[in-house]
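Visitor: requesting a structural model of the entry that follows:
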Amino acid sequence: MSQILGEAVHDGLLARNPCSRRTSPRAGQQKVYVATTQQVWALHDSMPQHLRTAILLGAFVGLRIAEAAGFRFDDVDFDGAMVYPQRQWPDKPLETKASYNPLPIPAELVDMLETSAARSGTNLVCDELCKPVSPWVIGWNLRGIKDEIPGLPEGAASRTSAITTPPCCSARAPTSRRFRPEFATEAP
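Guide: The predicted structure follows:
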């Protein structure tokens, strides 16, 4: 169709080709929503105990829900305070090459992940029976609590953007060691 209309433009029968990519409107871009620190901790506290690690991995490491569901105990260097994402649910390769990059995490998050690892199976995010949890279960629980969290945009909890890293909480941020008051430590 585009070729025919292009020839009509070339022959002078049409002023422009309505099928041309140059004249088509740009695709809309999704607005990125970054949850506040209070919203992240409200999501964490509202989730069932066994799924709270998914919120931590999403908010402070930046993992997608499927990556958090596939995250394993072996993917964390507890001594070096680094995470090494290797897979997403259900043992599929990660979406991008950049997703494989190791990421530093704050000491307090290491402690929280160690606590979670002590009561989980091979995956850090698991159910009450220590069996891996699918991204659907995590998303279903997020959708169930999203209305309890003031200020979250409509549909935010059904997307990974609901647990996007707040700038003050990022593992890459210089102030990341104080991401929750009860886990704060004295400055060195």
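Visitor: what about the residue minimising distance to the centre of the chain, distance to Leu113?
Guide: Closest to where the C-alpha atoms of the chain average out (Cα atoms, centre = their mean) is Arg64, at 3.3 Å. Here Arg64 is placed at a distance of 17 Å from Leu113 (Cβ to Cβ, to the nearest Å). C-beta coordinates here come from the backbone N, C-alpha and C atoms, glycine included.
Visitor: and Asp75, by the same measure?
Guide: 10 Å.
Visitor: swap in Leu129?
Guide: Computed as Cβ to Cβ, the Leu129 to Leu113 distance reads 20 Å.
Visitor: how about Ser46?
Guide: Distance from Ser46 to Leu113, by Cβ to Cβ: 20 Å.
Visitor: with neighbour numbers in mind, choose between these two.
Guide: Leu113 (25 against 16; other Cβ atoms under 10 Å).
Visitor: so where's the protein uncertain?
Guide: Along the chain, the parts satisfying pLDDT under 70 run over 21-26, 120, 154-188.
Visitor: quick one: the helices in it?
Guide: Applying DSSP state H to the chain gives helices spanning 2-10, 37-46, 52-56, 65-70, 107-118, 135-145.
Visitor: which secondary structure elements does the second one contact?
Guide: It refers to helix 37-46. Packing partners of helix 37-46 (3 or more Cβ pairs under 8 Å, 6 or more residues apart in numbering; DSSP states H and E): helix 52-56, helix 135-145.
Visitor: thinking again about what came up before, out of the helices of the chain, flag the one nearest Val83.
Guide: helix 107-118 (8.3 Å; Cβ to Cβ).
Visitor: now do the closest one: distance to the chain's middle.
Guide: Taking Cα atoms, centre = their mean, to the nearest Å, the mean C-alpha location of helix 107-118 is offset from the chain mean by 18 Å.
Visitor: can you check stretch 10-24 too?
Guide: 42 Å.
Visitor: kindly report the same for stretch 85-95.
Guide: Between the centre of stretch 85-95 and the centre of its chain there are 13 Å (Cα atoms, centre = their mean).
Visitor: stretch 130-148 too?
Guide: Centroid separation between stretch 130-148 and its chain, computed with Cα atoms, centre = their mean, is 13 Å.
Visitor: and that stretch, what's buried?
Guide: Using 16 or more other Cβ atoms under 10 Å as the test for burial, stretch 130-148 gives 132-135, 137-139, 141-142, 145-146.
Visitor: return the alpha-carbon coordinates of stretch 60-78 using CSV.
Guide: Taking C-alpha atoms only, stretch 60-78 is exported to CSV below (Å, rounded to 0.1, in the frame of the first residue of the first chain):
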residue,chain,number,x,y,z
PHE,A,60,16.8,-1.2,45.7
VAL,A,61,18.5,-3.4,43.0
GLY,A,62,16.2,-2.4,40.1
LEU,A,63,15.2,-6.0,39.1
ARG,A,64,12.0,-6.5,37.1
ILE,A,65,9.3,-8.7,38.6
ALA,A,66,10.3,-11.7,36.5
GLU,A,67,14.0,-11.2,37.5
ALA,A,68,13.1,-11.0,41.2
ALA,A,69,11.1,-14.2,40.9
GLY,A,70,14.1,-16.0,39.3
PHE,A,71,16.7,-14.5,41.6
ARG,A,72,18.6,-17.2,43.6
PHE,A,73,20.6,-17.3,46.7
ASP,A,74,23.7,-18.0,44.6
ASP,A,75,23.2,-14.7,42.8
VAL,A,76,24.2,-12.7,45.9
ASP,A,77,27.8,-12.1,47.1
PHE,A,78,27.0,-11.5,50.7
